[in-house]
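> Take a look and give me a structure for this.
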Amino acid sequence: MTVSAPNPTRLTGSISGFLQVASVLGLLLLLLKAVQFYLQRQWLLKAFQQFPSPPFHWFFGHKFEGDQEIPLFMKAVESFPSAFPRWVWGNQAYFIVYDPDYIKLILGRSDPKAHGAYKLLAPWIGYGLLLLNGQSWFQHRRMLTPAFHYDILKPYVKTMADSVRLMLDKWEQLAAQDTSIEVFQHISLMTLDTIMKCAFSHKGSVQVDRNYNTYIQAIVDLNNLFYSRVKNIFHQNDTIYSLSSNDRLANRACQLAHDHTDGVIKMRKDQLQDEGELEKVKKKRRLDFLDILLFARTENGDSLSDRDIRAEVDTFMFAGHDTTASGLSWIFYALATHPEHQQRCREEVQSLLGDGSFITWDHLDQMPYTTMCIKEAMRLYPPAPGVVRELSKPVTFPDGRSLPKGISVMLSIYALHHNPKVWPNPEVFDPSRFAPDSPRHSHSFLPFSGGARNCIGKQFAMNELKVGVALTLLRFELLPDHTRVPVPLRRIVLKSKNGIYLHLKKIH
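Below you'll find the predicted structure:
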């Protein structure tokens with residue numbers, strides 16, 4: 001039997017035909033994408049027609065970037081006192097809201113978290129309280145609320161104080177070197193130490209184990225990588241993003257974060273194998289955060305899946321330490337730059353606590369001026385600068401202007417707190433704004449968001465802030481480093497581009 005050789009002409013023709021078909025399909029796909037881009041852009045332009053905004057490029061949108069991002073953003077806030085559309089790029093935009101009446105209306109509804117932005121967090125923190133919507137969110141919120149009952153929170157005050165004192169002991173050694181200290185990294189370890197002991201029954205000390213620095217750095221990296229991805233039009237596509245170096249960095253940081261939380265969960269499961277420990281838990285009137293997750297049952301009687309447990313642990317591990325660390329770092333900076341208020345707080349704490357060797361739950365409600373200063377610092381530097389909702393139905397605002405279903409609305413807590421229409425002279429540090437008899441709008445101050453989806457751990461966080469401020473002011477005078485003025489950066493959590501450096505002067 002003779003086998004004839006392939007005809008080169010026919011083979012070349014087949015390849016040519018295939019390339020022609022591929023080219024036509026590619027052009028059709030490109031055309032389809034262009035049409036989708038155009039129609040989405042036209043829909044947004046029509047939706048926003050009642051709301052003027054600063055000038056923007058048709059493709060690149062509003063360029064609020066780098067060190068000038070916040071100043072440029074706040075300039076727009078002054079020009080448009082209630083809200084304005086912010087174009088990220090050609091057919092993607094958020095409706096930025098910073099008027100308390102607008103915000104009250106949105107937070108009073110049940111709109112879900114905006115899928116587009118928040119889905120990018122899912123590989124890191126999974127679908128826990130932060131990302132869940134609808135009935136699943138409601139069930140998890142109801143399940144976890146008992147972990148923040150005051151009976152649970154009361155004994156945590158001693159744990160918080162122990163963690164703060166360990167940090168301050170380290171600061172005494174560093175302060176002797178007569179140089180400024182970058183406080184955020186130390187405070188991050190302290191707040192992680194606190195959350196590990198309070199919520200996850202951790203027995204060791206995070207602050208003396210250098211392995212935990214890896215987790216802290218992973219959280220910093222994930223914060224930055226998330227923000228970078230949100231602002232990059234090409235990185236919205238998972239396939240394109242998977243080809244980038246940022247994706248490899250994100251995967252590595254996610255793995256480090258997950259290894260940490262998996263270790264925490266395994267350690268607690270192992271502890272509960274001990275009959276004595278299990279008996280102690282069963283006798284408790286109320287369970288800690290992780291124990292609630294491990295003992296929880298769904299409506300059909302099943303335990304929570306490992307995936308659900310890790311999502312909640314990842315979410316609370318991040319939110320419970322990083323936001324509090326941001327808040328406390330900026331509070332210290334605000335007090336350092338306003339020594340007269342710092343001294344008044346110190347005198348209040350000294351009259352209440354003496355040498356600070358003992359601080360209790362009851363003390364926390366007996367430092368009104370210190371609390372006013374904490375709130376004023378969180379007004380200037382809100383730990384969570386914004387949250388995003390996606391309108392599940394049309395909305396009409398109090399001034400009669402409307403938006404259709406499907407618009408992503410960003411509630412800018414930072415802009416609300418700096419809105420001159422809401423807060424006169426907003427850049428001035430003035431604790432009297434929070435005096436008991438000072439009138440203000442119910443939705444003018446939202447460091448922990450508001451409505452049904454407010455921060456579940458807000459009381460835990462406020463207690464930790466008060467303990468941290470009180471014990472620190474008894475030990476140190478806080479002084480700014482004028483050569484390193486912090487530059488606020490809007491991330492998931494408010495950070496400083498160049499750290500937060502302070503001089504610490506030991507009080508004898």
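> which regions of this protein sit below the pLDDT cut-off?
1-13, 66 (pLDDT under 70).
> That one: strands as residue ranges?
Under the criterion DSSP state E, the chain contains strands at 83-89, 92-97, 181-182, 386-390, 395-396, 402-403, 408-412, 476-480, 488-489, 495-496, 501-506.
> Count residues in the vicinity of Pro426, would you?
By the measure other C-beta atoms under 10 Å, the count of residues near Pro426 is 20. Bear in mind the C-beta positions are built from the backbone N, C-alpha and C, glycine included.
> residues touching it, list them.
Contact analysis of Pro426 by C-beta atoms under 8 Å, 6 or more residues apart in numbering lists 417-420.
> just Ala336 next, same as before
Applying C-beta under 8 Å, 6+ apart, we find Ala336 in contact with 342, 478-480, 502-503.
> let's see it at 7 Å
For Ala336, the contacting residues are 342, 478-480, 502, by C-beta atoms under 7 Å, 6 or more residues apart in numbering.
> next one: Pro447
Going by C-beta under 7 Å, 6+ apart, Pro447 touches 378, 382-383.
> What about these, which are in helices?
Met378 (DSSP state H).
> Now the contacts of Pro447 in JSON lines, please, with extra columns for neighbour count.
JSON lines is the format used below for the contacts of Pro447 (neighbours: other C-beta atoms under 10 Å):
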{"residue": "Met378", "neighbour count": "27"}
{"residue": "Pro382", "neighbour count": "27"}
{"residue": "Pro383", "neighbour count": "26"}
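> wait, which of the contacts of Pro447 is closest to Gly128?
Pro383 (18.4 Å; C-beta to C-beta).
> so the closest one makes contact with Val493?
Yes. Contact criterion C-beta atoms under 7 Å: Pro383 and Val493 qualify, at 5.8 Å.
> which neighbours do those two share?
323, 326.
> Out of the strands of the chain, flag the one nearest Phe200.
With C-beta to C-beta as the criterion, Phe200 lies closest to strand 495-496 of the strands of the chain, at 24.4 Å.
> on contacts alone, who are the packing partners of that closest one?
Under the contact definition 3 or more C-beta pairs under 7 Å, 6 or more residues apart in numbering; DSSP states H and E, strand 495-496 sits against strand 488-489.
> picking that back up, filter the contacts of Ala336 down to the buried ones and hand me the ChimeraX line.
Selection of the buried residues among the contacts of Ala336 in ChimeraX, burial being defined by 16 or more other C-beta atoms under 10 Å:
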select :342,478,480,502
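> In TSV, list the contacts of Ala336 along with distance to Tyr102.
TSV is the format used below for those (distance: C-beta to C-beta, whole Å):
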residue	distance to Tyr102
Gln342	35
Leu478	36
Leu479	40
Pro480	35
Leu502	37
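> Closest one to Leu107 out of the contacts of Ala336, please.
Gln342 (33.4 Å).
> Skipping its backbone neighbours, what lies nearest the closest one in space?
Leu335 (4.1 Å; C-beta to C-beta, 6 or more residues apart in numbering).
> Backbone dihedrals for Ala114, please?
phi -60, psi 120 (degrees, to the nearest 10).
> And it, how far from Ala319?
18 Å (C-beta to C-beta, to the nearest Å).
> in stretch 69-78, what counts as buried?
70, 73-74, 76-77.
> Look up how far Lys104 lies from the residue nearest to Gln342.
For Leu335 relative to Lys104 (C-beta to C-beta), the value is 31 Å.
> of these two, who's got more company?
Taking other C-beta under 10 Å, Leu335 and Lys104 do not tie; Leu335 has more neighbours (26 against 17).
> wait, isn't Ile309 in contact with Asp291?
No. The pair Ile309 / Asp291 is not scored as a contact, 11.2 Å apart, by C-beta under 7 Å.
> still on that earlier bit, ok, which of the strands of the chain comes nearest Thr191?
strand 495-496 (14.2 Å).
> And for that closest one, what's in contact with it?
Outside strand 495-496, the residues that touch it by C-beta under 7 Å, 6+ apart are 223, 326, 486-489.
> for stretch 310-320, same thing?
For stretch 310-320, the surrounding residues in contact (C-beta under 7 Å, 6+ apart) are 124-130, 140, 195, 199, 219, 257, 261-262, 264-265, 289-290, 293, 457.
> so where do the helices sit in the stretch 251-400 of the chain?
275-283, 289-295, 306-336, 339-353, 368-380 (DSSP state H, counting those that start in this stretch).
> out of those, nearest to Ile15?
helix 306-336 (46.8 Å).
> how distant is that closest one from the center of its chain?
7 Å (C-alpha atoms, centre = their mean, to the nearest Å).
> in it, what counts as buried?
So, applying 16+ other C-beta under 10 Å, buried residues of helix 306-336: 308-336.
> what do you get for stretch 388-408?
Of the residues in stretch 388-408, 388-391, 395, 397, 403, 407-408 count as buried by neighbour count, 16+ other C-beta under 10 Å.
> go on, stretch 227-245?
Neighbour counts over stretch 227-245 (16+ other C-beta under 10 Å) mark 227, 229-230, 235-236, 241 as buried.
> for stretch 483-497, same thing?
Quick answer for stretch 483-497 (16+ other C-beta under 10 Å): 486, 488-496.
> wait, what's in contact with the nearest residue in space to Thr324 that is not next to it in sequence?
Counting by C-beta to C-beta, 6+ apart, Thr324 lies nearest to Thr191, which is 4.6 Å off, once chain neighbours are set aside. Listed by C-beta under 7 Å, 6+ apart, the contact set of Thr191 reads 321, 324-325, 464.
> Apply 10 Å and report the result again.
160, 163-164, 167, 206, 216, 320-329, 461, 464-465, 468 (C-beta atoms under 10 Å, 6 or more residues apart in numbering).
> neighbours around the nearest residue to Ile359 once chain neighbours are set aside, how many?
In this structure, Ile359 finds its nearest non-sequential neighbour in Ala161, 5.1 Å apart by C-beta to C-beta, 6+ apart. Per other C-beta under 10 Å, the neighbour tally for Ala161 reads 21.
> Quick check, Ala161 in contact with Leu474.
No. Ala161 is beyond contact range of Leu474, at 11.2 Å (criterion: C-beta atoms under 10 Å).
> Tell me the residues that contact both of those two, please.
Contacts common to Ala161 and Leu474, judged by C-beta under 10 Å, 6+ apart, are 356-357, 359.
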